[in-house]
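1. sequence below, structure please.
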Amino acid sequence: MSEFERIAGNIASRLEEVSGEGGIRSDNIADIVGDCGYGSDINCYPGRPGHGCHDLAVFVSLTSQQHKGKHSGHLTCRKAIEKLVQHMQGSCAHGQTRCAVMVVDSWDSKAASEWAENLREIQSKAQLEVYLVTGGGISKIRV
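-> Down below sits the predicted model:
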């Protein structure tokens, strides 16, 4: 299991733990990712976008009621893709962020298609992995 699969798996496990408890708060996502051994040395959306540029950026989209509950602040898949592009080609475009991981519970193929050129450009300069949370597990998505 790669370190990025471990991040996605940790998020999926935590989602399973809280699914009967009303979902996960968006402001807890950075702590869940940090539990994978990164601490605060990451950029996490939602969570810690404004703490400079780090080697790793994690983008999480939770849209199902089972996962987000009644909590606000979660990103849609489209918005997470937009944040990824803004981060990787905007605020941290000069190679500061070398790895990006996106974890979603619903894949927006239309949004991915609209941002395909940007995603290809990002992949040519950095490692990008996308995971779909499915029934407590994860599946890797090719973009």
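2. use CA for all of it now, contacts and neighbours both
-> Noted.
3. immediately after the helix-or-strand element of the chain with minimal mean pLDDT, which helix or strand?
-> In the chain, no helix or strand scores lower on mean pLDDT, DSSP states H and E than helix 65-68, which sits at a mean of 58. Downstream of helix 65-68, the next assigned helix or strand under DSSP states H and E is helix 77-86.
4. which secondary structure elements does that next one sit against?
-> strand 56-61, strand 99-104, helix 109-114, helix 116-125 (3 or more Cα pairs under 8 Å, 6 or more residues apart in numbering; DSSP states H and E).
5. could the ones you listed go into a markdown table alongside mean pLDDT and mean neighbour count?
-> Shown next, in a markdown table, are the helices and strands packed on helix 77-86 (pLDDT from 0 to 100; neighbours: other Cα atoms under 10 Å):
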| stretch | mean pLDDT | mean neighbour count |
| --- | --- | --- |
| strand 56-61 | 91 | 25 |
| strand 99-104 | 93 | 24 |
| helix 109-114 | 96 | 13 |
| helix 116-125 | 95 | 15 |
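6. redo those as TSV? Include distance to residue 76.
-> As requested, those are exported to TSV (distance: least, Cα to Cα, whole Å):
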stretch	distance to residue 76
strand 56-61	5
strand 99-104	8
helix 109-114	10
helix 116-125	17
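7. do you know which of those lies nearest residue 25?
-> For residue 25, the closest of the helices and strands packed on helix 77-86 is strand 56-61, at 11.8 Å, according to Cα to Cα.
8. just the CA coordinates of the closest one, formatted as CSV?
-> Provided in CSV are the C-alpha atoms of strand 56-61 (Å, rounded to 0.1, in the frame of the first residue of the first chain):
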residue,chain,number,x,y,z
LEU,A,56,1.9,17.3,-0.1
ALA,A,57,-1.6,18.6,-0.7
VAL,A,58,-4.7,16.6,0.0
PHE,A,59,-8.1,17.5,-1.4
VAL,A,60,-11.2,15.8,0.1
SER,A,61,-14.8,15.9,-1.3
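9. so what touches that strand?
-> With contacts defined as Cα atoms under 8 Å, 6 or more residues apart in numbering, strand 56-61 is touched by 29, 33, 41-46, 74-77, 80, 83-84, 97-106.
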